[in-house]
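# Coordinates for the following, if possible.
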Amino acid sequence: MPFPGCADIGSKVADTYQQEVNILKLGRMPVEIIIDRTRIIRYLHYGESMSDIPQIQQLLEVIDTL
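Predicted structure coming up:
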């Protein structure tokens, strides 16, 4: 089960992290970002297709190191 996304009214977060928009692929490409409490990006993955999403275990391993 994937992690829930964030509500991004006005696409402010997507624009900040340069999330790609691809109309031919039905919208924004997936992006996974883990940011620590000091606002340092600890993990960043830009998907190249709608199915290009890292395994949850990989994300949990990063979170466990925080």
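
# ok, now which ones touch the residue nearest to Val31 when sequence neighbours are not counted?
Using Cβ to Cβ, 6 or more residues apart in numbering and skipping the chain neighbours, the partner closest in space to Val31 is Gln19 (4.8 Å). (C-beta placed from N, C-alpha, C; glycine too.) For Gln19, the contact set (Cβ atoms under 8 Å, 6 or more residues apart in numbering) comprises 13, 28-29, 31, 46.

# Kindly recompute the last result at 7 Å.
Contacts for Gln19 (Cβ atoms under 7 Å, 6 or more residues apart in numbering) come out as 28-29, 31.

# That one and Arg37: what is the separation?
Using Cβ to Cβ, to the nearest Å, we find Gln19 at a distance of 22 Å from Arg37.

# Arg28 now?
Taken as Cβ to Cβ, the span from Arg28 to Arg37 is 26 Å.

# With neighbour numbers in mind, choose between those two.
Arg28 (15 against 6; other Cβ atoms under 10 Å).

# Beta-bridge partners for that one, please?
According to DSSP bridges, the residues that bridge with Arg28 are Val21.

# again with Leu44
Legend: beta-bridge partners of Leu44 under DSSP bridges are Ile33.

# what ranges of the chain fall below the confidence cut-off?
Residue ranges of the chain with pLDDT under 70: 1-9, 21-27.

# for it, which helix is longest?
Ordering each helix of the chain by length in residues (DSSP state H) puts helix 56-64 first.

# Could you list the buried residues of it?
By 16 or more other Cβ atoms under 10 Å, the buried positions in helix 56-64 come out as Leu59.

# So which elements touch it?
strand 31-35, strand 41-46 (3 or more Cβ pairs under 7 Å, 6 or more residues apart in numbering; DSSP states H and E).

# For that helix, list the C-alpha coordinates in CSV.
Below are the C-alpha coordinates for helix 56-64, written out as CSV (Å, rounded to 0.1, in the frame of the first residue of the first chain):
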residue,chain,number,x,y,z
ILE,A,56,7.8,0.8,0.2
GLN,A,57,10.6,-1.2,2.0
GLN,A,58,13.2,1.1,0.4
LEU,A,59,11.4,4.2,1.7
LEU,A,60,10.9,2.7,5.2
GLU,A,61,14.7,2.0,5.4
VAL,A,62,15.4,5.6,4.7
ILE,A,63,12.8,6.7,7.4
ASP,A,64,14.4,4.2,9.9
